[in-house]
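> quick one: sequence plus predicted model below, questions after.
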Amino acid sequence: MTPTHCSNPPPPRTDPFRWSAADTARAFDHFAADNHSSQRQYAQQQGIPRSTLGYWLRRDKPADADDVAAFFHSPAGVACLRGIVLAAFVAFHERGACGLRLIDYFLQLAQLDRFVASSRGALQPLAAHLEAELGTFDDEQRPLLAKQMAPKNIAVTADENFHGQDPCLVAIEPVSNFILVECYRDRRDADTWTQALRDGMRDMLVTVVLLNSDLARGLLCCAEKGLEVPHSPDLFHGQRDLLKPLLLPLARPIQQAEKDLEKARQHTAKVDATLEQLPSQQAVLTIVEAVRNELLIAGRLEEAKERQEQVVQQVRGLGDDYHPFDRHTGCPVTAEQVTERLHKHLEQVEKVVAEAGLGERAREAVARTRSWVGTLAACVAWFWMLTTKCMEDLDLSDEQERTVSESLLPGLYWEQAAARARTGEERQRLRQLATQLQQAAWQEGSVLASLSEAQQQAVQRVAQECAGLFSRSSSCVEGRNGRLSLHHHGQGRLSTRKLKALTVIHNYGVKRRDGTTAAERFFGVKHQDLFSWLLERMPDLPRPAAKRSQKAVESSIQGD
């Protein structure tokens, strides 16, 4: 007589247990073969209750389904489906600022909702689990990477975001674009900023030597008293503060001249029509006067546009000349030379303000900018002082130090700065300049080429680090604030768990064209692949609800 149950049943489980989708897929794969064993034998071998195995096979019926369903019931299909769903969560929900409704829509369009539940109630626990795992990934990886990184000096760019009830403090290392701090705090004063930065850099072999921000008082005090480092003002905010009281007064004459020119043209056309109907000497004089008036107004309009354009170009020139190296030759530029170049632009702006007869606010803006320019020049002086100290620590000869300062350092600097050029042609030119300068530094027969391989690597590393310490703008953190605002707009209030998950995606998941993440560039070593790590720890996908039979649906309708 055939036994009705397993003679050696496994011990009963005391912990909450659910059979995984992989177990189900292996069962389907086994019974898809022609020479498969009986259900009772398979259940006994695998330790699966006979009734559970029968339920699996009756529920999905892979033999009667189409090829797609048969594939997604196989072990390979289950693995593929898990990868697709995880990719949808990472790409849409975590990086793309989309809600769960769009993931539901994606699964329905791809007809994957037959194999994975796509309702918000089913997807929400999975999203919460993935966000918690993202936080765990950072908790595991950051200490390991910090132990392997070489000591380095860094500049930090910081700002606040107010997309939630409490301010969100964001601090980024601009060269690698690695987020050091991204957290909610109830305050944004100097003490709070100092503690947040220290927490973000705990156990890291880094030394902050510069803080760049938009001149917020809390950050100024944090740099001066908390971190005790110099503060570099953001270039964009200084240019904005100069242009804001100038552009509107300069735009009014343009608007008025455009209106007057349109009226003059209409008057000229009307007089011209009168001249065709009844030509006379008086009519000719009238048309001549109308044309003359139109030309005068057109000249006034052109002059007003030239003044506005001149101011804009001079303010742009402040950014073009605020570099420790000349953007055309690559030669080093001292703080005194930077001061002279920036003041020339301000003198031109001041000249336009006087010619246009602008008010007190415009003159005060120019006066404030002179003090701001002095701070920019001081930052250049600080850069050269720090660079000189780093070169002295390398114990190079005078000629070798000169080659580093005049060729290698500007080449590395413009290699980084080229990506932020205003036009594509300028980016290409700066990249070519950077390549030429670096080739000149390391060419055969140069003083640097005579160094040993270890010394060359040390010189390259120190020069690369110094080139990244000149921080002009807080654009990296401004862009991050915009990204957080987009997430807040698309998904509502960001929780602490969600915010940390977004930070981890930025640091360990987003790659540049060279294939590196922000964490790899910051720590200088590779880390474990984030997607593969998440895939290994991803729970079973929620199964869609079983479809009701047609007979059950009809009975329900008749009962209603």
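Received the coordinates, thanks.
> could you say which helix or strand holds the nearest residue to residue 353 once chain neighbours are set aside?
In space, and not counting its chain neighbours, residue 353 is closest to residue 362: 5.0 Å by C-beta to C-beta, 6 or more residues apart in numbering. Yep, even glycine has a C-beta here, placed from its N, CA and C like the rest. Using DSSP states H and E, residue 362 falls within helix 360-393.
> mind listing what's buried along that helix?
By neighbour count on 16 or more other C-beta atoms under 10 Å, the buried set for helix 360-393 is 362, 365-366, 369, 372-373, 376-380, 382-384, 386-387, 390-391.
> cool, and stretch 447-461?
Going by 16+ other C-beta under 10 Å, stretch 447-461 has these buried residues: 447-448, 451, 458-460.
> following the chain onward from the helix holding residue 362, which element is next?
Counting by DSSP H and E, what follows helix 360-393 is helix 398-403.
> now that following helix: how far from the chain's centre is it?
Chain-centre distance of helix 398-403: 37 Å, with C-alpha atoms, centre = their mean, to the nearest Å.
> next, the angle from the very next helix or strand once past that helix to helix 360-393.
Remark: after helix 398-403, the chain's next helix or strand is helix 409-417, criterion DSSP H and E. Relative orientation of helix 409-417 versus helix 360-393 (axes from the mean of the first three to the mean of the last three C-alpha atoms, to 10 degrees): 130 degrees.
> hey, C-alpha coordinates of helix 409-417 in PDB?
Provided in PDB are the C-alpha atoms of helix 409-417 (Å, rounded to 0.1, in the frame of the first residue of the first chain):
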ATOM      1  CA  LEU A 409      48.900  71.800 -12.100                       C
ATOM      2  CA  PRO A 410      47.200  74.100 -14.700                       C
ATOM      3  CA  GLY A 411      46.700  71.000 -16.900                       C
ATOM      4  CA  LEU A 412      45.000  69.100 -14.200                       C
ATOM      5  CA  TYR A 413      43.000  72.200 -13.100                       C
ATOM      6  CA  TRP A 414      41.600  72.900 -16.600                       C
ATOM      7  CA  GLU A 415      40.900  69.200 -17.100                       C
ATOM      8  CA  GLN A 416      38.400  69.500 -14.200                       C
ATOM      9  CA  ALA A 417      37.200  73.000 -15.100                       C
END
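> list the helices and strands the helix or strand that that helix is followed by packs on?
Downstream of helix 409-417, the first helix or strand assigned by DSSP H and E is helix 424-442. Counting contacts by 3 or more C-beta pairs under 8 Å, 6 or more residues apart in numbering; DSSP states H and E, helix 424-442 is packed against helix 409-417.
> and the contacts of the helix it packs on?
Here helix 409-417 makes contact (C-beta atoms under 8 Å, 6 or more residues apart in numbering) with 175, 323-325, 327, 330-332, 387, 430-431, 433-438, 440-441, 463-464, 466-468, 470.
> for that helix, the distance to its chain's centre please.
Remark: helix 409-417 is offset 21 Å from the chain centroid, using C-alpha atoms, centre = their mean.
> over to stretch 254-263?
Its chain's C-alpha centre and that of stretch 254-263 lie 43 Å apart, by C-alpha atoms, centre = their mean.
> in it, what's buried?
Those buried within stretch 254-263 under the rule 16+ other C-beta under 10 Å are 254, 257, 260-261.
> and if you look at stretch 189-208?
190, 192-194, 196-197, 200-201, 204, 206, 208.
> quick one: mean pLDDT over it.
Averaging pLDDT along stretch 189-208 gives 94.
> kindly calculate the angle that the helix or strand encompassing residue 340 makes with helix 360-393.
Take DSSP H and E as the rule and residue 340 turns out to sit in helix 335-356. Interaxial angle of helix 335-356 relative to helix 360-393 (the same axes, to 10 degrees): 170 degrees.
> give me the contacts around helix 335-356.
So helix 335-356 is in contact with 242, 246, 249-250, 253, 307, 310-311, 314-315, 317-318, 321-324, 333, 362-363, 366, 369-370, 373-374, 376-378, 380-381, 384, going by C-beta under 8 Å, 6+ apart.
> switch to 6 Å and redo it
With C-beta atoms under 6 Å, 6 or more residues apart in numbering as the test, helix 335-356 has contacts from 307, 310-311, 314, 317-318, 321, 362, 366, 373, 377, 380-381.
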